[in-house]
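Engineer: A predicted structure for the sequence below; I have some questions about it.
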Amino acid sequence: MWEGVVRVLFLGTHTPKLDDKGRMFLPAKFRDRLAAGLVITRGQERCLYVYPLAEFERIATEMTATTTTSRDVRDYQRVFLSGASDEIPDKQGRVTIPQVLRDYAGLATECTVIGAGNRVEVWDSAAWNSYLDQVEPAFAERSEEVVPGLI
């Protein structure tokens with residue numbers, strides 16, 4: 001299944017700041033993998049998803065190949081794709097986050113950027129800390145299999 005396929009893996013937690021022009025330095029360890037271009041879009045729990053361009057194109061292609069007879073599918077596609085913004089980081093490794101996406105995620109200055117496997121997530125730091133406060137206890141106590149066949 002993975003043979004011949006190059007997959008990008010983003011890991012870790014970083015805390016860059018958003019400047020007054022809506023720019024953020026990408027974490028140094030993510031820059032090379034995002035230098036050729038990236039797409040920022042709305043994510044779940046009011047964070048932003050950041051994908052390498054090729055990964056976003058793969059996801060969008062699969063998404064648009066699904067049936068549109070379901071209102072839930074149409075709604076999800078509309079929100080996910082209409083918020084998408086393709087960007088290229090500048091020479092310093094900064095990326096501009098469009099105002100509509102900053103508003104969606106409640107981003108002001110303090111940001112938390114996490115590696116989430118095939119994507120990067122950008123959170124308002126207070127929202128990230130609140131989210132962790134809510135879900136970390138259940139994660140620590142989890143005894144049943146959450147991801148079937150994995151752990």
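Structural biologist: Structure's in. What do you need? Numbers count the residues shown, from 1 in each chain.
Engineer: where's the residue minimising distance to the centre of the chain relative to Q92, distance?
Structural biologist: Central residue of the chain (Cα atoms, centre = their mean): Y49, 1.9 Å from the mean position. Separation of Y49 from Q92 (Cβ to Cβ, to the nearest Å) stands at 23 Å. Bear in mind the C-beta positions are built from the backbone N, C-alpha and C, glycine included.
Engineer: Please enumerate the strands of this protein.
Structural biologist: According to DSSP state E, the chain carries its strands in the segments 13-14, 23-25, 38-42, 48-52, 85-87, 94-96, 111-115, 120-124.
Engineer: got the contact list for stretch 84-104?
Structural biologist: 18, 21-26, 28, 31, 34-42, 46, 48, 50, 53, 56, 60, 83, 107, 122 (Cβ atoms under 8 Å, 6 or more residues apart in numbering).
Engineer: Then stretch 121-132?
Structural biologist: 15, 24, 40, 43, 45-50, 97, 105-108, 110-114.
Engineer: what about Y131, neighbour count?
Structural biologist: Using other Cβ atoms under 10 Å, Y131 has 16 other residues around it.
Engineer: any idea how far it is from A65?
Structural biologist: Taken as Cβ to Cβ, the span from Y131 to A65 is 31 Å.
Engineer: Identify whichever of the strands of the chain lies nearest to T69.
Structural biologist: strand 38-42 (23.1 Å; Cβ to Cβ).
Engineer: in the lengthiest helix in the chain, what's buried?
Structural biologist: Taking DSSP state H as the criterion, the chain has its longest helix at helix 125-141. Judged by neighbour count using 16 or more other Cβ atoms under 10 Å, the buried positions of helix 125-141 are 125, 127-128, 131.
Engineer: What's the mean pLDDT across that helix?
Structural biologist: Average pLDDT, helix 125-141: 93.
Engineer: one step back: of the strands of the chain, which is nearest V79?
Structural biologist: Closest approach to V79 among those (Cβ to Cβ): strand 38-42, 6.0 Å.
Engineer: Pairing partners for that closest one, with directions?
Structural biologist: strand 48-52 (antiparallel), strand 85-87 (antiparallel) (DSSP bridges).
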